[in-house]
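Undergrad: build me a model from this:
(4 chains)
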Number of protein chains: 2
Amino acid sequence: MNATIYDVAEAAGVSIATVSYVINGKRKVSDKTKAKVLDAMEKLDYRPSVLASALMGKQTYSIGMMVPDISNPFFAEISRAVEDECRLAGYSLILCSTDHQKDRIGQYLHFLQQKSVDGIILATGILDGSSLDGILAKGTAVVQLAREIPGVPAHAILADDREGGRMAAKHLLSLGHRNAAVLAEDARITSSKERVQGFAEAWTDADLRLDPDRILPCTGGLEDARQQAVQLLSSRNRPSALFACNDLLAISAIQAARELNLSVPEDVSVVSFDNTLLASVSFPGLTAVAQPIAHMGKLAVRTLLQEMKGEGAGVQQRIVLRPELVIRSSTSTAVQEQHT
Amino acid sequence: MNATIYDVAEAAGVSIATVSYVINGKRKVSDKTKAKVLDAMEKLDYRPSVLASALMGKQTYSIGMMVPDISNPFFAEISRAVEDECRLAGYSLILCSTDHQKDRIGQYLHFLQQKSVDGIILATGILDGSSLDGILAKGTAVVQLAREIPGVPAHAILADDREGGRMAAKHLLSLGHRNAAVLAEDARITSSKERVQGFAEAWTDADLRLDPDRILPCTGGLEDARQQAVQLLSSRNRPSALFACNDLLAISAIQAARELNLSVPEDVSVVSFDNTLLASVSFPGLTAVAQPIAHMGKLAVRTLLQEMKGEGAGVQQRIVLRPELVIRSSTSTAVQEQHT
DNA sequence: TTGAAAGCGTTACCAT
DNA sequence: ATGGTAACGCTTTCAA
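TA: Numbers count the residues shown, from 1 in each chain, chains lettered A, B, ... in the order given. Now for the predicted structure:
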């Protein structure tokens, strides 16, 4: 169906070797011959098969991207950044939404291996590092993005989650909040754990105490988060501020507050993390610790390409980017605490 | 680096043909031999190369997905549905965000062709149909999703956009609104055009007039949409209701209203289209015409698979799914119009 | 400056 | 029931 290198060679009256050489310019071809070949390629609408050339030991020019869920705005946005950088370098991106499920991760890893992808960007948490052993042993380049899996010997591009947590805390402290609670993600996700830890540290540094039971892991999706927030906000000792580990959690918190007729930020301030589209379309707009999403995506691809070219020199990179606090309207000064 | 079929054959003490036959069961292999082979495969962690088998005329088990922008929640959600259905059938999804740019579309089409994808799902609007001629001529299966490009001879899975527009209009009419305006997308996108047309039709059917200059194409992103909405809502003859052709536009409208100290839905009702995550996290929650996103994605893949297997029988399918109105809090009865 | 031919990892036809 | 081998479309070494 598709024209092959043989068709082109025949049409141009040269050997397939010559055609190959004009395609990838690995040796000098006379202008005249080159013109003939180019002409034939054009006429036949010839596209060299990546399959065949990959089989000969060249690259497949495709890389795999593993995320928990592409329909989650954070991962959609970071995937977009990754995709752009890939395209610029001539690579395609294969999408893999894992839902954090072990068997799914395994299946996708299998797929990617079978397709001989040149590299893998790992932005999904929770998988026991050993699943990767096979891939890594076979020399596939891997870089972790936005999440770091303990014990995985691969590059990592991260936001400084701990520092981000600290920034959130400091912002709240500077507004006079002393009684806060945290809406966290699954504790097995390192980035979330780090955020909470940073937040707690800053709290401790201010000689305040953040009770462990004020840290609520919300693993059951939006609905679960809202319910937990409702419970929290209707408790006797209602916190004046909430730190949500991502924008979705923050929005759930706001919905919970609304449900209880509390207003944000007057009655309760909310600081979020990520700063996706959701942070800017939310009402009130979310004050959020922003991850440099576009930059992270770009860097991940560049690091991966380097590794693929073997320029890594064996050193495992771990690049940590500074987040930035974006102040919108979901936080304000704490009201006097009402002691009864 | 990777074990090959030769390694397995050697380890099992059989020929590569036999190994191949146990892999794809195309002929009877004695249980004993089969066991030996399976054993060897296991030991060597052998993964058949999709590349090589595709080169032999089999499938590549990968399909391309073209969308305008994966970071747009609607496309992220529909891609997720597509991805799931692909995985279930053993296919990988290659992501292509086109930004509606012609050269990007061309480049991606080129990539996909080189990689010999088995099929392409086209969910990006605006491209002159002829770009596809090459691909289609080469026999690649194609289905259009959520958007239909005039003159492209390929299956299409669509929401009934016109009917959706009508539903939006009827909802507003039933609430007593008589003075409405529309926030539209680029007029070259068929789905958007249909929505507007349906809306206008229903308006006409009610013996009302929808002035063409009340239909605002918002091509400049969120910011542009908000500004247009501000202008609209601060005009003398302020509409009591807005129909936004997607959730992002609806949210821009709400932000515009807020900026002008108008409240939604008391002062102005807003009906949206799509019903993505944004519709449910927005405040107020968006009354929206819901596209059956998951269903559409699934159907697109199934149709594509059918076409790939040649089960199409040459008939070009055009499946139109009924949207559904989801009522939330962004619409309410019209207030008495204040004539001066 | 160009060509012949081996080889990449499969599949499938033809033998045995 | 199993094996030998040509072929798929390309890259690259060796020769000319």
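Undergrad: please pull out the lowest mean pLDDT helix or strand from chain A.
TA: Ranked by mean pLDDT, DSSP states H and E, the helix or strand of chain A with the weakest confidence is helix A:133-137, at a mean of 83.
Undergrad: and that helix, C-alpha only, in CSV?
TA: Provided in CSV are the C-alpha atoms of helix A:133-137 (Å, rounded to 0.1, in the frame of the first residue of the first chain):
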residue,chain,number,x,y,z
ASP,A,133,13.5,-3.5,37.0
GLY,A,134,12.9,-5.3,33.7
ILE,A,135,12.6,-2.1,31.7
LEU,A,136,15.6,-0.5,33.3
ALA,A,137,17.7,-3.6,32.9
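Undergrad: what helices or strands is that helix leaning on?
TA: Packing partners of helix A:133-137 (3 or more Cβ pairs under 8 Å, 6 or more residues apart in numbering or on different chains; DSSP states H and E): helix A:102-114. The way it works is simple: take the backbone N, C-alpha and C, and place the C-beta from them, glycine included.
Undergrad: still on that earlier bit, buried ones in the least confident helix or strand of chain A?
TA: A:134-135 (16 or more other Cβ atoms under 10 Å in any protein chain shown).
Undergrad: ditto for stretch A:263-271
TA: Applying 16+ other Cβ under 10 Å to stretch A:263-271 flags A:264-265, A:268-271 as buried.
Undergrad: cool, stretch A:3-11 as well?
TA: Result for stretch A:3-11 [16+ other Cβ under 10 Å]: buried residues A:3-5, A:7-9, A:11.
Undergrad: tell me the pLDDT of A:Glu337.
TA: What the model reports as pLDDT for A:Glu337 is 52.
Undergrad: nope, A:Met1 is what I was after
TA: pLDDT, read off for A:Met1, is 75.
Undergrad: remind me which residues of the stretch 201-340 of chain A are low pLDDT?
TA: A:312-313, A:336-340 (pLDDT under 70).
Undergrad: could you pull out the strands for it?
TA: Assigned by DSSP state E, counting those that start in this stretch, the stretch 201-340 of chain A shows strands spanning A:215-217, A:241-244, A:269-274, A:287-290, A:318-321, A:324-326.
Undergrad: now those in a markdown table, with distance to DNA strand D?
TA: Listed next are the strands of the stretch 201-340 of chain A as a markdown table, based on distance: least, Cβ to the nearest atom of the strand, whole Å:
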| stretch | distance to DNA strand D |
| --- | --- |
| strand A:215-217 | 51 |
| strand A:241-244 | 51 |
| strand A:269-274 | 42 |
| strand A:287-290 | 43 |
| strand A:318-321 | 31 |
| strand A:324-326 | 44 |
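Undergrad: between those, which one is nearest to B:Met308?
TA: Closest to B:Met308 of the strands of the stretch 201-340 of chain A is strand A:269-274 (Cβ to Cβ; 38.3 Å).
Undergrad: what does that closest one rub up against?
TA: A:74, A:164-165, A:168, A:171-172, A:175, A:177, A:195, A:240-247, A:249-250, A:253-254, A:257, A:264, A:279, A:286-291, A:293, A:330-332, A:334 (Cβ atoms under 8 Å, 6 or more residues apart in numbering or on different chains).
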